[in-house]
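Enquirer: sequence-free structure coming up:
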């Protein structure tokens, strides 16, 4: 689907600004996404398991984890919303555009926050059961690699590209925007859950891992829908686009050949 260039640029600027602000917040509080771990009760023998778990939750309040997860979502996932937001604005009357976009983003964010509860629970469990072990990270890395090449991943990506028709009037339009946000959030989370879990389990280098995952996620969205099959996906089209742009810039900087002198 093609969008009016000026509209696409306007939406893209607003979304990228929100993403940039979130990245700045993460940079200012680089330790905000780092889980504070402690020795498990089975290792120290100083307290029972339930007391050890309560201490871990006290050191990492759920409200603080949820806030960090929300900022992480805005930083990493908001650029992927440029196309669906343009779709909503294109299918909505002018006076309803802000309302429809707000409903879509709210439903999308609620879906990701629900998925985030599961991912944060996995992070807490890994920190509680194996605070000094790389086994959880290694297991998630293997699962991420398998999911990345699986046909089920491609089904989720194809669904992320599917922008259905939206009702234009009244409550039906509100419900359509909410349903679109929920569906897009579910398929987006289904596609990216493993990639989003990896930075959470790193003991250091969270921001670098988040930046790498963000680039991979955005590169995947540049790929057109394909038949689900086992294959690597992610950076091929983005790499081709980058090489093409570099070739164009290189050719534009070459000096023009000197005109030959005719006798």
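Expert: Now that the structure is in, tell me what you want to look at. For clarity, every value in this text was computed on a predicted model and none was experimentally measured.
Enquirer: give me the low-pLDDT residue ranges for this protein?
Expert: Applying pLDDT under 70 to the chain picks out residues 1-3, 30-51, 53, 234, 236-250, 254-263.
Enquirer: which element is residue 136 on?
Expert: helix 135-149 (DSSP states H and E).
Enquirer: so what touches the helix or strand just after that helix?
Expert: With elements assigned by DSSP H and E, the helix or strand that comes after helix 135-149 is helix 151-161. In this structure, residues lying in contact with helix 151-161 by Cβ atoms under 8 Å, 6 or more residues apart in numbering are 80, 147, 183-184, 187-188, 190-191, 220-221, 223-231, 233. Just so you know, the C-beta spots here come from the backbone N, C-alpha and C atoms, and that holds for glycine as well.
Enquirer: rerun at 10 Å
Expert: Helix 151-161 has contacts (Cβ atoms under 10 Å, 6 or more residues apart in numbering) with 1, 80, 83-84, 146-147, 150, 183-195, 220-221, 223-231, 233-234.
Enquirer: for burial, what's the neighbour tally of residue 218?
Expert: Residue 218 is flanked by 16 other residues according to other Cβ atoms under 10 Å.
Enquirer: repeat that for residue 77.
Expert: 22.
Enquirer: need the contact list for the most centrally placed residue in the chain.
Expert: Most central in the chain under Cα atoms, centre = their mean is residue 77, positioned 3.4 Å from the mean C-alpha point. For residue 77, the contact set (Cβ under 10 Å, 6+ apart) comprises 19, 22, 108-109, 112, 185, 188-189, 192, 196, 214, 217-218.
Enquirer: how close does it sit to residue 197?
Expert: 14 Å (Cβ to Cβ, to the nearest Å).
Enquirer: tell me the most packed of the contacts of residue 77, by neighbour count.
Expert: When the contacts of residue 77 are compared by neighbour count (other Cβ under 10 Å), residue 108 ends up highest, at 27 neighbours.
Enquirer: name the helix or strand for it, please.
Expert: helix 97-129.
Enquirer: quick check: angle from that helix to helix 135-149?
Expert: Angle of helix 97-129 versus helix 135-149, following axes from the mean of the first three to the mean of the last three Cα atoms, to 10 degrees, is 140 degrees.
Enquirer: show me what helix 97-129 is packed against.
Expert: helix 5-28, helix 49-59, helix 62-77, helix 82-90, helix 135-149, helix 170-201 (3 or more Cβ pairs under 10 Å, 6 or more residues apart in numbering; DSSP states H and E).
Enquirer: can you add distance to residue 117 and give those back as CSV?
Expert: Below are the helices and strands packed on helix 97-129 laid out as CSV (distance: least, Cβ to Cβ, whole Å):
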stretch, distance to residue 117
helix 5-28, 20
helix 49-59, 14
helix 62-77, 8
helix 82-90, 23
helix 135-149, 17
helix 170-201, 11
